[in-house]
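**Q** model this:
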Amino acid sequence: MTLLYLALAYFFLLAILVNYGTVYDYAIKKGYEGFKYRLIALVPVFGYIYFHDKETLLIVSDRELRHLVSFEILGKRIALYAGLLIIALLILVPVSFLLITSITNNLLKVMFIIYAIIISFMLHQGLVVDYASKKGYEGIKPGLVGLIPVYGFFYYNYQPKRRNVSKQALREVFKFSSILQKIFVYAQITLVAVIVIVPVIYIFGMAFSNLRTDIPNQIWPDAPSWEAFRFLFDETNFTRWYWNTLKIALINMTVGTVLITGAAYVFARFSFKGKKAGLLTILVLQAFPSFMGLIAMYVLFWKFGLLGEPTYLSILYIGGSIPGNLWLIKGFLSQIPKDLDESAMIDGASKFQIFTRIILPLSVPILTFVAVSMFMGPWMDYLLPGYLLRFKPAGAPADYDITQQWTLAVGLFKFINDINYQHYSAFAAGALMVGIPITILYMLFQRYLIEGIMAGATKG
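**A** Below you'll find the predicted structure:
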């Protein structure tokens, strides 16, 4: 019965919304806009009759008015409002449940109060900035003044206008629809920020908790310590794991990017027999996940005596990254006009000179994106090293320490997977250390990465 009532309520709301949208559009066509006419449009049946009998204030044909209630327009409106209503319910139902629960749960109540305070604070700052902008005050100062509750409005209210702006334009800053829109945006931003920041703070707190057996049940420890970092560097082969992973990542990035770029250049700028078949074959290979070839990889590494040798994992990483990245770079290079090649050849440039002096400088964004992506791969991967580095290398002595050939993913996973080796704080500390090179790369190449992502999304 509950589902039946929910379905009836859903279709009732949908009918009200569709009726409102249709009738108000009908009213706008006839020249009637405003809050009063919105309320009339909400009334089923009566709203349509009311506006149908009203005098037409604008030049509009009967055909245009009938088109608003045609099957085509109504069908699109029903589909749109049905989707929006489902999204609204998916948001409102959990929020309502949490609000009701917070009445009896003190922790949730405190969290909601803090959340509301943050949204109110951001709303105040946003309104002050908009108000100041209308009067001609822009830059960092309005944003800083807006951080002071209440004072920001009084400050800019008494400041002289730098622009010729009407009082009506200033009042529009405080329109209900504008405030509601800001509340929705800031609520979403705050929620996303909490979802992102809280786990990061928890990882930092775990890293300084020094818990060897259990997961911490608080975000930040009461007595932070460096014991987990000391354990990593003094009692494990963490530095060796770090070097193994860094070495694989650097080889993967440099050698892989050079090989893929050269192959992509050939496919993009040259015509030869089997080109189309080769590209389609590479595309098909991309569809198969790497774990499907684990047995084949193991047999090859075993036959060639490469088991337990972390450096040679770069062969697999480079091979696995060729299909997708080749298509990505090839698509970018295909958009570079071939007139540049022809002009350079007329001036006496060779194919190699064209590639190094013309094509490569123009391809920096996409090459940077591919290089950073390939550098990140080995840091996150557990499957391949966990499977191929659990064996001693050929000719290893009996007392050989197998842990020294691990990568970071394999070593850190032991801290949370092996009951005899459990150390959650060490795992968190190692995770923070893993993030250092990736963060540095992102900071250094941020501009190129954004351009590369945009290029990969639009070209090819």
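
**Q** where does this structure dip in pLDDT?
**A** 1-2, 102, 107, 211-214, 216, 290-291, 448-460 (pLDDT under 70).

**Q** show me the domain layout of it.
**A** In the assignment given by automatic domain parsing, the structural domains of the chain cover 2-103, 109-205, 230-458.

**Q** could you export the ones you listed as a markdown table, including distance to residue 217 and mean neighbour count?
**A** Placement of C-beta: from N, CA and C, glycine included. As requested, the domains of the chain are arranged in a markdown table below (distance: least, Cβ to Cβ, whole Å; neighbours: other Cβ atoms under 10 Å):
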| stretch | distance to residue 217 | mean neighbour count |
| --- | --- | --- |
| domain 2-103 | 20 | 13 |
| domain 109-205 | 11 | 14 |
| domain 230-458 | 11 | 17 |
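
**Q** could you dump those domains into JSON lines with distance to residue 220 added?
**A** Shown next, in JSON lines, are the domains of the chain (distance: least, Cβ to Cβ, whole Å):
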{"stretch": "domain 2-103", "distance to residue 220": "23"}
{"stretch": "domain 109-205", "distance to residue 220": "4"}
{"stretch": "domain 230-458", "distance to residue 220": "12"}
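
**Q** now do stretch 348-358: distance to the chain's middle.
**A** Average the C-alpha atoms of stretch 348-358, do the same for its chain, and the two points are 38 Å apart (Cα atoms, centre = their mean, to the nearest Å).

**Q** end-to-end on it?
**A** Distance across stretch 348-358, first residue to last, is 14 Å (Cα to Cα, to the nearest Å).

**Q** contacts for it, please.
**A** Outside of stretch 348-358, the residues that reach it under the criterion Cβ atoms under 8 Å, 6 or more residues apart in numbering are 265, 340, 341, 344, 345.

**Q** so which of those residues belong to helices?
**A** 265, 340, 341, 344, 345 (DSSP state H).

**Q** quick one: the first one and residue 359 touch, right?
**A** Yes - counting by Cβ atoms under 8 Å, residue 265 does reach residue 359; the two are 6.4 Å apart.

**Q** which residues are in contact with both of those two?
**A** Taking Cβ under 8 Å, 6+ apart as the contact rule, residue 265 and residue 359 both touch residue 333.

**Q** thinking again about what came up before, distance to residue 152 added to the contacts of stretch 348-358, as JSON lines?
**A** Formatted as JSON lines, the entries for the contacts of stretch 348-358 read as follows, by distance: Cβ to Cβ, whole Å:
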{"residue": "265", "distance to residue 152": "56"}
{"residue": "340", "distance to residue 152": "53"}
{"residue": "341", "distance to residue 152": "58"}
{"residue": "344", "distance to residue 152": "58"}
{"residue": "345", "distance to residue 152": "63"}
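
**Q** which among the residues you listed gets closest to residue 303?
**A** Comparing these against residue 303 with Cβ to Cβ places residue 265 closest, at 33.3 Å.

**Q** which elements pack onto the strand or helix carrying residue 123?
**A** Here residue 123 is covered by helix 106-134, with elements defined by DSSP states H and E. Packing partners of helix 106-134 (3 or more Cβ pairs under 8 Å, 6 or more residues apart in numbering; DSSP states H and E): helix 71-102, helix 140-145, helix 151-157, helix 167-171, helix 176-207.

**Q** that helix relative to helix 176-207, how many degrees between them?
**A** Here the directions of helix 106-134 and helix 176-207 differ by 130 degrees (axes from the mean of the first three to the mean of the last three Cα atoms, to 10 degrees).

**Q** how near is the closest residue to residue 372 other than its chain neighbours to residue 375?
**A** In space, residue 372 comes closest to residue 441 once its chain neighbours are excluded; the distance is 5.4 Å by Cβ to Cβ, 6 or more residues apart in numbering. Summarising the geometry, the distance separating residue 441 from residue 375, computed by Cβ to Cβ, to the nearest Å, is 6 Å.

**Q** so how far is whichever helix or strand residue 318 is part of off the chain centroid?
**A** Element membership for residue 318, per DSSP H and E: helix 313-334. For helix 313-334, the distance from its own C-alpha centre to the chain's C-alpha centre is 22 Å (Cα atoms, centre = their mean).

**Q** could you dump that helix to PDB, C-alpha only?
**A** Listed next in PDB are the C-alpha coordinates belonging to helix 313-334 (Å, rounded to 0.1, in the frame of the first residue of the first chain):
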ATOM      1  CA  LEU A 313      56.800  -4.800 -15.200                       C
ATOM      2  CA  SER A 314      57.100  -1.600 -17.300                       C
ATOM      3  CA  ILE A 315      57.000  -3.800 -20.400                       C
ATOM      4  CA  LEU A 316      53.400  -4.800 -19.500                       C
ATOM      5  CA  TYR A 317      52.400  -1.300 -18.500                       C
ATOM      6  CA  ILE A 318      53.600   0.200 -21.700                       C
ATOM      7  CA  GLY A 319      52.000  -2.500 -23.800                       C
ATOM      8  CA  GLY A 320      48.700  -2.200 -22.000                       C
ATOM      9  CA  SER A 321      48.600   1.600 -22.400                       C
ATOM     10  CA  ILE A 322      49.300   1.700 -26.100                       C
ATOM     11  CA  PRO A 323      45.800   1.100 -27.500                       C
ATOM     12  CA  GLY A 324      43.900   3.800 -25.700                       C
ATOM     13  CA  ASN A 325      46.700   6.400 -25.700                       C
ATOM     14  CA  LEU A 326      47.600   5.800 -29.300                       C
ATOM     15  CA  TRP A 327      44.000   6.600 -30.400                       C
ATOM     16  CA  LEU A 328      44.000   9.700 -28.200                       C
ATOM     17  CA  ILE A 329      47.200  11.200 -29.500                       C
ATOM     18  CA  LYS A 330      46.400  10.100 -33.100                       C
ATOM     19  CA  GLY A 331      43.100  12.000 -32.900                       C
ATOM     20  CA  PHE A 332      44.900  15.100 -31.700                       C
ATOM     21  CA  LEU A 333      47.600  15.000 -34.400                       C
ATOM     22  CA  SER A 334      45.000  14.400 -37.100                       C
END
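
**Q** helices or strands up against it?
**A** Contacts defined by 3+ Cβ pairs under 8 Å, 6+ apart place helix 313-334 against helix 238-269, helix 275-286, helix 364-380, helix 383-388, helix 446-458.

**Q** related to what we said a few turns ago, please identify which of the domains of the chain is closest to residue 219.
**A** Set against residue 219 and scored by Cβ to Cβ, the domains of the chain come closest in domain 109-205, at 5.2 Å.

**Q** alright, I will stop here.
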